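Colleague: Kindly generate the corresponding structure for this input.
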Amino acid sequence: MASIADERTREGVHECLRQLLNLVEALNTELQKAQAEILALRQRLQGKGGGGPGGSSASQRETSSPGSRSSEKERAEGEEREHGKRSKLDRIRIDREEVLKVDRTTLPPDAEFKGYADVVVQDLRLGTDHVKFRKEKYYAASTGKTYLAPLPTGYRGEFGPNLKSLCLVLVHQCNMTEPKVAALLENLGVVISAGQISNLLSASQEEFQREKDEIVEAGLSSSPWQHLDDTGTRVDGKNWHCHGLCNPWYTAYFTTPRKDRMTVLDVLRNQRERVFRLHGEALELLRQWGVAKWVREGVAGLAWEEDWSELELNRRLEGIPELGGVAHDRIAEAAAIAAYHADRKHPVVRLLVCDDAKQFRWLTEELALCWIHDGRHYQNLEPCVGQHREKLEAFRKKYWEYYRHLRTYTRAPTPAGAAERREQFETLFSTRTGYEVLDRRIAKTQTHRRQLLQVLQHPEIPLHNNPGELEMRRRVRKRVVSYGPRSAQGAQVWDAMETLIGTAKKLGVNIFHYLRDRVSGARAMPSLAGLIGEKAKALNLGSSWATTT
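Modeller: Residues are numbered from 1 along each chain as shown. Below you'll find the model as predicted:
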């Protein structure tokens, strides 16, 4: 009896210690939050705070804090990496050759010629190509008209296609400001102002907007899955949001005032006019979202299987008495999603690779969450108790070891391998350590098992959303230099040019040559949209979909 009592006493002491240590962690976390808030308030009072160019949110500030560390090092441990470098000489185009001769008077009498030793030197020729076109002019008395010889193709106005294309590349790819571009050109002998550069940048934008639309349609058609991420952009001093949609062959940018679910759906639909449809899927969504039964019954009484405009939907919903604004928005969301899934004229994304933000849910048949994003939550834990740090580090090692097992599976997927990985997942994320914050995080990961294990069903998709996040860096670098566009039209220009630049890079197309081809009107180079279709067809990005869905 004494031993049983002693055992119970020890268990009680252990439980008390466990609760006490977790209380210490909770208090330490609250203290860190309070200190961070105090620091932010002090900086604001001193004039050092305020929203940055992207209008960073609380979540962005949290992830940029000292406690937010990258998980890339742990993820990459144990992975095989290719360190071989491509030969530089293979990529250099030789423009001219020059034979350098030895002064034979300096050679010994018995010196014999043994060929050549090649040295490749890269250099540039920077200079103007100012042309005075002397256009022949004729006058016909019979018609009373003067006839002039036309300018060569691509020459319009006082600046040629090379200069126009260079301005586009310097501003949108190299992120130079217009005054700096003007300064560079003036040093090369071009007489031009920042205002004239601004006019050059706005020219031909309608054509580039059309190309962007074609790229998005081709990109959406190229695979049943897409990456999606977003970042902030200041437009006319207001906080807007830039969405990046991509897969291995293209990248497209969309700058919008909001980033809610309807806006994300607009992005997936390439910003076509909104369409709404009420049928069984819409009612099921309303049920899952907890919309009141009487509202669902009112919706069920409306006409079904018809595509409505937003104006027509609002008119129909006026027939449901006492319909509140929240319920109205939920009905609109459900009807828009149902219409999107029923669309047969345009490509529909079946799986989205993204983070776990709420606005991404329900839009596609499946959702694949980013393992690196999930791993960041563990990386951001900073326990102050030594015992908790040991438990956290031990679990992190197991976490990334399992990640590497998934990577191995994608190289040679089999049904048996998928079953084994699922069993390993359940074992790992059923772990309970006694460190409450860590245990809650583990349980949260377990609730996302379906989204995190999409790769077992579709091994061609990535395990992470790195491609989407990396493409967002292009916008981040742009806004650091240019702060933000001054109008919605300016934001569209940013979107179109960054779409062309990002897509051309993925396709291996020289963006300067491509822009010059379009600016000059030659159109000798194949369109980026056409190249996307060819690349995707050759790779067959949707190889597992025909048999699994």
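
Colleague: can you count the residues close to the residue nearest to Arg261 when sequence neighbours are not counted?
Modeller: Leaving aside its sequence neighbours, Arg261 sits nearest to Gln359 (C-beta to C-beta, 6 or more residues apart in numbering; 4.5 Å). No exception for glycine: its C-beta is placed from N, CA and C like everyone else's. When neighbours are counted by other C-beta atoms under 10 Å, Gln359 registers 17.

Colleague: Hmm, Lys259 and Gln359 touching each other?
Modeller: Yes: contact between Gln359 and Lys259 holds when scored by C-beta atoms under 8 Å: they sit 6.2 Å apart.

Colleague: And Arg477, how close does it get to Asn175?
Modeller: 6 Å (C-beta to C-beta, to the nearest Å).

Colleague: neighbour count winner among the two?
Modeller: Between Arg477 and Asn175, counted using other C-beta under 10 Å, the more crowded position is Asn175 (15 against 12).

Colleague: contacting residues around that one?
Modeller: Shown in contact with Asn175 (C-beta atoms under 8 Å, 6 or more residues apart in numbering): Arg477, Lys478, Val480, Val481, Ser482.

Colleague: residue boundaries of the strands in the protein?
Modeller: 137-140, 145-148, 225-235, 238-247, 250-256, 351-354, 366-369 (DSSP state E).

Colleague: pretty sure Ile337 is in contact with Leu363, am I right?
Modeller: Yes: using C-beta under 8 Å, Ile337 makes contact with Leu363 at a distance of 6.3 Å.

Colleague: Overlap in contacts, those two.
Modeller: Taking C-beta under 8 Å, 6+ apart as the criterion, Ile337 and Leu363 both touch Leu265.

Colleague: For the strands of the chain, could you give me a markdown table that also reports mean neighbour count and mean pLDDT?
Modeller: As requested, these are exported to a markdown table (neighbours: other C-beta atoms under 10 Å; pLDDT from 0 to 100):
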| stretch | mean neighbour count | mean pLDDT |
| --- | --- | --- |
| strand 137-140 | 9 | 94 |
| strand 145-148 | 10 | 94 |
| strand 225-235 | 23 | 95 |
| strand 238-247 | 22 | 96 |
| strand 250-256 | 26 | 97 |
| strand 351-354 | 25 | 96 |
| strand 366-369 | 22 | 96 |
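
Colleague: can you put those strands in TSV and add distance to Val291?
Modeller: As requested, these are exported to TSV (distance: least, C-beta to C-beta, whole Å):
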stretch	distance to Val291
strand 137-140	74
strand 145-148	69
strand 225-235	26
strand 238-247	27
strand 250-256	26
strand 351-354	24
strand 366-369	21
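
Colleague: buried residues in stretch 205-212?
Modeller: Phe208, Gln209, Glu211, Lys212 (16 or more other C-beta atoms under 10 Å).

Colleague: Equivalent analysis for stretch 163-174, please.
Modeller: Neighbour count says stretch 163-174 has Leu163, Lys164, Ser165, Leu166, Cys167, Leu168, Val169, Leu170, Val171, His172, Gln173 buried, by 16+ other C-beta under 10 Å.

Colleague: Run through who's touching it.
Modeller: When contacts are defined by C-beta under 8 Å, 6+ apart, stretch 163-174 is touched by residues 176-178, 181, 184-185, 190, 197, 200-201, 203, 478, 494, 497-498, 501, 511-512, 515-516, 519.

Colleague: out of those residues, which are buried?
Modeller: By neighbour count, with 16+ other C-beta under 10 Å, those hold 176, 178, 181, 185, 190, 197, 200-201, 203, 478, 494, 497-498, 501, 511-512, 515-516, 519 as buried.

Colleague: Check the gap between the residue located most distally from the centre of the chain and Leu163 for me.
Modeller: Going by C-alpha atoms, centre = their mean, the residue of the chain most distant from its centre is Pro109, 67.5 Å out. For Pro109, the distance to Leu163 (C-beta to C-beta) stands at 56 Å.

Colleague: same question, Ile320
Modeller: When Ile320 is compared with Leu163 (using C-beta to C-beta), they lie 60 Å apart.

Colleague: Check Gly484 too.
Modeller: Applying C-beta to C-beta to Gly484 and Leu163 gives a distance of 26 Å.

Colleague: do Asp439 as well
Modeller: Counting by C-beta to C-beta, the gap from Asp439 to Leu163 is 63 Å.

Colleague: And Arg134, by the same measure?
Modeller: As judged by C-beta to C-beta, Arg134 and Leu163 stand 20 Å apart.

Colleague: Count the neighbours of Arg125 for me.
Modeller: 5.

Colleague: remind me which residues of the protein are low pLDDT?
Modeller: Under the criterion pLDDT under 70, the flagged ranges of the chain are 1-15, 24, 47-86, 541-549.

Colleague: okay, now the domains of it?
Modeller: What automatic domain parsing lists as the domains of the chain is 156-202, 371-457.

Colleague: Of the ones you listed, which is nearest Val120?
Modeller: domain 156-202 (24.7 Å; C-beta to C-beta).

Colleague: Quick check: the closest residue in space to Lys478 that isn't next to it in sequence vs Glu322, distance?
Modeller: Excluding the flanking residues, the one nearest Lys478 by C-beta to C-beta, 6+ apart is Asn175, at 5.5 Å. Computed with C-beta to C-beta, the distance linking Asn175 and Glu322 is 53 Å.

Colleague: again, but for Arg330
Modeller: Where Glu322 is concerned, Arg330 sits at a distance of 15 Å (C-beta to C-beta).

Colleague: do Val291 as well
Modeller: 14 Å.

Colleague: And for Met176?
Modeller: For Met176, the distance to Glu322 equals 57 Å [C-beta to C-beta].

Colleague: what do you get for Gln173?
Modeller: Distance from Gln173 to Glu322, by C-beta to C-beta: 55 Å.

Colleague: residues making contact with stretch 115-132?
Modeller: Stretch 115-132 is contacted from outside by Leu89, Ile92, Ile94, Val99, Gly160, Asn162, Leu188, Gly189, Val190, using C-beta under 8 Å, 6+ apart.

Colleague: Please export the C-alpha coordinates of it as CSV.
Modeller: C-alpha atoms of stretch 115-132 as CSV (Å, rounded to 0.1, in the frame of the first residue of the first chain):
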residue,chain,number,x,y,z
GLY,A,115,48.3,26.4,-82.8
TYR,A,116,46.3,28.8,-80.7
ALA,A,117,45.4,29.3,-77.0
ASP,A,118,41.9,30.6,-76.7
VAL,A,119,40.9,33.3,-74.2
VAL,A,120,37.3,34.5,-74.1
VAL,A,121,36.7,38.0,-72.7
GLN,A,122,33.2,39.4,-72.1
ASP,A,123,32.7,43.1,-72.9
LEU,A,124,30.0,45.5,-73.9
ARG,A,125,29.7,48.3,-76.5
LEU,A,126,27.7,51.0,-74.9
GLY,A,127,26.8,53.9,-77.3
THR,A,128,24.2,55.6,-79.2
ASP,A,129,22.7,54.7,-82.6
HIS,A,130,21.1,58.0,-83.4
VAL,A,131,19.7,57.9,-87.0
LYS,A,132,18.7,60.7,-89.2
